[in-house]
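In: This is a predicted model, with the sequence first.
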Amino acid sequence: MVAAVRVVPNIDRYAQRTAARRGFASPMDPSQQKEYAFEMAASSIRFGPGCTQEVGMDMKNMGAKRVCVVTDSTVRQLTAAQQVEEALAREGIQYEIFDKVRIEPKDSSIKEAIDFAKPYRPDAFLAVGGGSVIDTAKLMNLYTEYPEADFLDFVNAPLGNGRPIDRKLKPLVAVPTTAGTGSETTGTAIFDLVAKRAKTGIAHRNLKPTLGLCDPLNTRTMPAAVKASSGLDVLCHSLESWTAIPFNERTPRPANPILRPAYQGANPISDIFSLSALRSTVKYLPRAVRDPEDFEAQSEMLLAATLAGVGFGNAGVHLCHGMSYPISGQNPGYRHAGYEVSGPIIPHGVSVAVSAPAVFRFTGPSNPERHLAAAEAFGVDVTGVKREDAGRALADALTAFLADLGDQPAGLRGLGFGPEHVDALVEGTIPQARVLMLAPGLAKELEQEREQLRDLFEDAMTH
Ligand SMILES: NC(=O)c1ccc[n+]([C@@H]2O[C@H](COP(=O)([O-])OP(=O)(O)OC[C@H]3O[C@@H](n4cnc5c(N)ncnc54)[C@H](O)[C@@H]3O)[C@@H](O)[C@H]2O)c1
Ligand SMILES: [Fe+2]
């Protein structure tokens, strides 16, 4: 007799348990089933010093004749924006510039941008700037394609209706001028929903740019403070996606592939991107911040931002990001030095990194091996470290890294938060379901989750 051969796919670390349970004989309720597949989506990326000048030809090759250029008032003055204009003019392409993007956008600033785009009826979008610009351009593209939609339709549930994007959007080329968000590769756009006092966003793979043009000549002019905070965003994207729950622990299994979330949990492809981005960030971010002439470090940081973008754009982020949205939305008045804005601001990268030591102390027990590997990326000798101390080892490495980088708050107190703010911060985090569902060790039961988040915010007060 020939023994039955069970074929296990070559992703067995993740899939064995699912494969063993697989059976199509009786119908099952997908809402109770765990995920079994993952899908990688990323924009096309071109990387190289000077490649911005090709963008006019790209637009022509895509058949664009009427381009909406999106930027902010600072970036508009930089060589990057001038190069974009020259490149479009060289190809005889018509364009209009919207340069009123708000840094760390709000729903009102996004609506103002959409109101600009609708009557212009562009056949392509070109974003030149940091994450604030690229995210705004994505939403201009979305809502000009769905002119009848209500603004909350596509916003992540439960704050919005979480409607999937089922139409093809216009081409969007993104030219990042910061090394941070990775927004040039992802289907995510983030903004402050003022009425809810928390950041949220829209996430769907159809929102991602057609092409990301990563030109390291464009990031050189970033002030040191922007280099540091955008780089800390890369650090947290890589660490959170690396430690997120595995994709096949996520429920429910989507009933239709269009419902599969962009943020799916750690998977064997995102792991490669996330770990590589982490190693590069630890090595190059301090150099890039300290020395404006260190072009190698700046170039490597732009690459790391994009790598991390591919990693977290598919695996997702978890607690640092989930907690950061109310931290920046409920800012008690902190104004980060080095940012050219008129009011208080906790830059996104600062708001994610401030809780990172507390977060990884908490997530350590979920996967000590991964936390030890991450600590090792910071240069920690982990040979003698016990598994139960893995989270602490990573947290200590992060605390030292943040202190060495300089100009970072040593916890939430440094931003003006105190114990009296904890309840509101917790309530602003709970609706961030899209990222919290990927947080390892976070309870599903609401009261327990609330308690854990309270402890996390208290732990994050100082580090
Ligand atoms: N879409 C995503 O997946 C994603 C991921 C993380 C963060 N975000 C969002 O992105 C935003 C943050 O974006 P960011 O960190 O890239 O910065 P940013 O776009 O907010 O820009 C920060 C500041 O730097 C200036 N600036 C940008 N490039 C410059 C350059 N080359 N030289 C000089 N000044 C320059 C800007 O004018 C601005 O004042 C936040 O709203 C955050 O929530 C999005
Ligand atoms: Fe981020």
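Out: Done, it's in. Ligands and ions are numbered 1, 2, ... in the order given.
In: give the contact list for Tyr339.
Out: Counting by Cβ atoms under 8 Å, 6 or more residues apart in numbering, Tyr339 touches 103, 223, 225-226, 345, 347. To be clear about C-beta, it is placed using only N, CA and C from the backbone, and glycine gets the same treatment.
In: rerun that using 7 Å as the cut-off
Out: 225, 345, 347 (Cβ atoms under 7 Å, 6 or more residues apart in numbering).
In: Look up phi and psi at the last one.
Out: It refers to Pro347. Listed backbone geometry of Pro347 is phi -60, psi 150, with angles given as degrees, to the nearest 10.
In: Can you get me the centre-to-centre distance for stretch 330-350 and its chain?
Out: Distance, stretch centre to chain centre, for stretch 330-350: 19 Å (Cα atoms, centre = their mean, to the nearest Å).
In: got it, and stretch 280-295?
Out: Relative to the chain's own centre, stretch 280-295 is displaced by 21 Å; criterion: Cα atoms, centre = their mean.
In: Tyr95 looks like it's in a strand, true?
Out: Yes - counting by DSSP: H, G, I helix; E, B strand; the rest coil, Tyr95 is found in a strand.
In: correct me, but it touches Val69?
Out: Yes - contact status for Tyr95 versus Val69: in contact at 5.2 Å, counting by Cβ atoms under 7 Å.
In: Test my guess that Pro246 contacts Gly265.
Out: Yes - A contact is recorded between Pro246 and Gly265 when judged using Cβ under 7 Å, the distance being 5.4 Å.
In: Following the chain past the helix ranked longest in the chain, name the next helix or strand.
Out: Scanning the chain for the helix with the most residues, using DSSP state H, yields helix 268-290. Read in the C-terminal direction, the helix or strand following helix 268-290 is helix 295-315, with elements assigned using DSSP states H and E.
In: Any part of the following helix or strand past that following helix near ligand 1?
Out: On the C-terminal side of helix 295-315, the nearest following helix or strand under DSSP H and E is helix 319-329. No - with Cβ under 6 Å from any ligand atom as the threshold, helix 319-329 lies outside contact range of ligand 1, at a closest distance of 7.5 Å.
In: helices or strands up against helix 319-329?
Out: strand 198-203, helix 224-243, helix 348-353, helix 356-363, helix 422-429, helix 433-436, helix 446-459 (3 or more Cβ pairs under 7 Å, 6 or more residues apart in numbering; DSSP states H and E).
In: now with 10 Å?
Out: If you count contacts as 3 or more Cβ pairs under 10 Å, 6 or more residues apart in numbering; DSSP states H and E, helix 319-329 packs onto strand 188-193, strand 198-203, helix 224-243, helix 348-353, helix 356-363, helix 422-429, helix 433-436, helix 446-459.
In: For the first one, what does the pLDDT average out to?
Out: So that's strand 188-193. Strand 188-193 carries an average pLDDT of 95.
In: and what of the longest one?
Out: Averaged across helix 224-243, the pLDDT comes to 98.
In: That helix and ligand 1, are they touching?
Out: Yes - under the criterion of Cβ under 6 Å from any ligand atom, helix 224-243 makes contact with ligand 1 via 226, 230, 233.
In: these two touch, right, the second one and Ala179?
Out: Right, the one you point to is Ser230. Yes - under the contact definition of Cβ atoms under 10 Å, Ser230 touches Ala179, with a separation of 5.7 Å.
In: what sits in contact with each of these two?
Out: Shared between the contact lists of Ser230 and Ala179 (criterion: Cβ atoms under 10 Å, 6 or more residues apart in numbering) are residues 130, 219, 222, 285, 288, 301-302, 305.
In: Looking at those, which is nearest ligand 1?
Out: Taking Cβ to the nearest ligand atom as the measure, Gly130 is the one of the shared contacts of Ser230 and Ala179 closest to ligand 1, at 2.2 Å.
In: need the residues of the stretch 1-150 of the chain near ligand 1, please.
Out: Near ligand 1, when you scan the stretch 1-150 of the chain using Cβ under 6 Å from any ligand atom, you find 72, 74-75, 78, 103-105, 129-133, 135.
In: could the residues you listed go into TSV alongside secondary structure and pLDDT?
Out: Formatted as TSV, the entries for those read as follows, by DSSP: H, G, I helix; E, B strand; the rest coil; pLDDT from 0 to 100:
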residue	secondary structure	pLDDT
Asp72	coil	98
Thr74	coil	97
Val75	helix	98
Leu78	coil	98
Ile103	coil	95
Glu104	coil	93
Pro105	coil	96
Gly129	strand	98
Gly130	coil	98
Gly131	helix	97
Ser132	helix	97
Val133	helix	98
Asp135	helix	98
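In: quick one: Gln408 is in a strand?
Out: No - the assignment for Gln408 is coil, going by three-state DSSP, so no strand is present there.
In: Next, count neighbours for it.
Out: For Gln408, the number of neighbouring residues by other Cβ atoms under 10 Å comes to 20.
In: wait, it sits on Pro357?
Out: No - under the contact definition of Cβ under 10 Å, Gln408 does not touch Pro357, with a separation of 11.3 Å.
In: joint contacts of Pro246 and Gly265?
Out: Residues touching both Pro246 and Gly265 by Cβ under 10 Å, 6+ apart: 14, 35, 38, 315, 438, 440.
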